[in-house]
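Q: How does the following fold in three dimensions:
(one chain, ligands or ions: 1)
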Amino acid sequence: MKIDPICRMEVDEASALTTEADGATVYFCSEGCKDRFLTDEGARLTRTAYDLVIIGGGPAGLTAAVYAATLKMDVLLITRDLGGQAIDSRKIENYMGFDFITGPELVEKFRDQLLHSHYVEHLISEVERIEAIDGGFAITTAEIERFTSRTILLATGMTRRRLGVEGEEQLQRRGIFYGNVQDLAFVQDKAVVVIGGGNSALQMVESLDRVAAAIALISDTELTGDATIVGRVRRQARVTLYEGHKVTAFHGDDGLRGITMRRIGTNEVRELPAEGAFIAIGFKPNTGLVMELVETNDRGEIRIGGDCATTQPGIFAAGDCTDAFGKRIIIASGEGAKAALAARQHILQLRREAKARR
Ligand SMILES: Cc1cc2nc3c(=O)[nH]c(=O)nc-3n(C[C@H](O)[C@H](O)[C@H](O)COP(=O)(O)OP(=O)(O)OC[C@H]3O[C@@H](n4cnc5c(N)ncnc54)[C@H](O)[C@@H]3O)c2cc1C
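A: From the prediction side, this is the model:
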């Protein structure tokens, strides 16, 4: 893998666009970044002030970015990765236009739209700080770059919750995983447990069916996923189901060897051997960046209005980081489009007010 010097995206050496500079080959994710490299003579981002900065490159942020491009907005997308949670979905059966598509395939299509159909300026980085300043906001990345923007569209999604039990920290990535499909290879022909009862856990069980030697599904409630997948998993012959059980400890030194669980409401404790554990017990919204700036609900989700406006004028939010009902790809995408439209309205309004003052 090579790194695009303009946006810092990892690119595949074999398929990336290239140019020669100072006797070396330089690799790019898109014509847009290559053009910027050629015109900027190798500078990274030369611009630092925008009308709109979108933070987060999941379905909400990517749709917002492409939408903003179609609206000819002056926009920069900053994200840790392209795809967000959607890339972990093995089987998407509820996105319009596709009877069935995998997460990586759908994200590839989003990525094509962002980089090739409509080039949107983008930077692969983590935003560490957002401050309100005169006339807008200042955004600082992990590389201490500072951008300013008149508006912000927050689409930072959610991250997975931890169980918080004995052995979980020590055995991270030494048998304990949080449901990324990339981690399946670590448990080939091994006994595994999947912890959780929602769609993510159930999808993980389905993905493990041809990989693991045996699968135990442990949920503290009845299975809560969509009826079709619950039905399929209940019929899966190699799955042993433990509903109403709580995992209380993970065991092992160099790698996971087993778990202890307790039947809820009883003292009945049981140990299971396992060399892999996938924890899929839900998510928490990534809203720490704006906790001081906008109102959130008791789950930490950003409160938004019908137009995705937050309680702070100029900050819009979309997707799983908000209190919008329904955590789904199509909903996050729709909210992203709506937020981009609303941010444009806000910027036009600011321009009208500035003109009236002159
Ligand atoms: C295993 C799994 C399977 C799923 N299957 C389905 C399915 O079949 N159908 C369906 O409709 N939905 C499914 N979902 C849910 C769906 O993926 C989410 O609802 C959707 O991805 C939410 O999109 P989002 O853009 O709001 O957030 P996310 O997808 O969470 O994206 C957030 C983005 O923000 C970035 N980010 C966060 N903080 C920062 C920061 N400080 N600086 C820079 N970048 C940041 C992240 O890196 C990421 O790119 C599934 C989820 C999982 C985990």
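Q: use CA for all of it now, contacts and neighbours both
A: OK.
Q: where does the closest residue to Met204 other than its chain neighbours land in three-state SS?
A: With sequence-adjacent residues excluded and distances taken as CA to CA, 6 or more residues apart in numbering, Met204 is closest to Gly179, at 6.5 Å. When classified by DSSP: H, G, I helix; E, B strand; the rest coil, Gly179 comes out as coil.
Q: ok, what's across the strand from the closest residue in space to Phe177 that isn't next to it in sequence?
A: The shortest distance from Phe177 to any non-neighbouring residue, by CA to CA, 6+ apart, is to Phe278 (4.9 Å). Phe278 forms beta bridges with Phe177, Val194, as assigned by DSSP bridges.
Q: contacting residues around Phe278?
A: Ile176, Phe177, Tyr178, Gly179, Val192, Val193, Val194, Ile195, Ala201, Met204 (CA atoms under 8 Å, 6 or more residues apart in numbering).
Q: Next, count neighbours for the fifth one.
A: As a burial measure, Val192 scores 29 neighbours (other CA atoms under 10 Å).
Q: next structured bit after the strand or helix carrying it?
A: Using DSSP states H and E, Val192 maps to strand 191-195. Going down the chain from strand 191-195, the next helix or strand is helix 199-208, by DSSP H and E.
Q: quick one, that following helix and strand 191-195 angle?
A: Relative orientation of helix 199-208 versus strand 191-195 (axes from the mean of the first three to the mean of the last three CA atoms, to 10 degrees): 160 degrees.
Q: hmm, helix 199-208 in reach of the ligand?
A: Yes: contact between helix 199-208 and the ligand is present through Ser200 (criterion: CA under 6 Å from any ligand atom).
Q: What of stretch 83-95?
A: Yes: against the ligand, stretch 83-95 shows contacts by CA under 6 Å from any ligand atom at Gly83, Gly84, Gln85, Ala86, Asp88, Ser89, Lys91, Ile92, Glu93, Asn94.
Q: could you dump that stretch to CSV, C-alpha only?
A: Extracted as CSV, the C-alpha positions of stretch 83-95 are listed here (Å, rounded to 0.1, in the frame of the first residue of the first chain):
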residue,chain,number,x,y,z
GLY,A,83,-17.2,3.6,4.9
GLY,A,84,-17.7,3.7,8.7
GLN,A,85,-19.6,0.8,10.1
ALA,A,86,-21.2,0.0,6.8
ILE,A,87,-18.0,-1.7,5.7
ASP,A,88,-18.5,-4.4,8.3
SER,A,89,-21.8,-5.5,7.0
ARG,A,90,-21.5,-8.8,5.2
LYS,A,91,-25.0,-8.8,3.8
ILE,A,92,-27.0,-5.6,3.2
GLU,A,93,-30.6,-6.5,2.2
ASN,A,94,-32.3,-3.3,3.0
TYR,A,95,-30.6,-0.6,0.8
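Q: what does it rub up against?
A: Where contact means CA under 8 Å, 6+ apart, the residues beyond stretch 83-95 that reach it are 56-59, 62, 99-104, 106-107, 110, 157-158, 179-181, 203, 207, 329-330.
Q: what's the answer for stretch 148-156, then?
A: If you take CA under 8 Å, 6+ apart as the criterion, stretch 148-156 is touched by 48-58, 60-61, 135-139, 285-287, 314-321, 336, 339-340, 343, 347.
Q: could you redo the last one with a cut-off of 7 Å?
A: Applying CA atoms under 7 Å, 6 or more residues apart in numbering, the contact partners of stretch 148-156 are 48-56, 60-61, 135-139, 286, 314-319, 321, 343.
Q: Give the buried residues for stretch 87-102.
A: Ile87, Asp88, Ser89, Arg90, Ile92, Ile101, Thr102 (16 or more other CA atoms under 10 Å).
Q: try stretch 20-32
A: In stretch 20-32, counting by 16+ other CA under 10 Å, buried: Val26, Tyr27, Phe28, Cys29, Ser30, Gly32.
Q: before we move on, back to that, put together a markdown table for the residues of stretch 83-95 next to the ligand, with pLDDT and secondary structure on each row.
A: Output for these, formatted as a markdown table (pLDDT from 0 to 100; DSSP: H, G, I helix; E, B strand; the rest coil):
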| residue | pLDDT | secondary structure |
| --- | --- | --- |
| Gly83 | 95 | coil |
| Gly84 | 95 | helix |
| Gln85 | 91 | helix |
| Ala86 | 92 | helix |
| Asp88 | 80 | helix |
| Ser89 | 83 | coil |
| Lys91 | 83 | coil |
| Ile92 | 90 | strand |
| Glu93 | 88 | coil |
| Asn94 | 91 | coil |
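Q: Run through the bridge partners of Val239.
A: Bridge pairing for Val239 - DSSP bridges - gives Ile215.
Q: wait, isn't it in contact with Ile218?
A: No: look at Val239 against Ile218 with CA atoms under 7 Å: they stay out of range, at 10.3 Å.
Q: what about these two, which has more around it?
A: Taking neighbours as other CA under 10 Å, Val239 and Ile218 compare with Ile218 leading, 24 against 19.
Q: which SS state does that one fall under?
A: Assignment for Ile218 (three-state DSSP): strand.
Q: That one contacts Gly196, correct?
A: Yes: under the criterion of CA under 7 Å, Ile218 makes contact with Gly196 at 6.2 Å.
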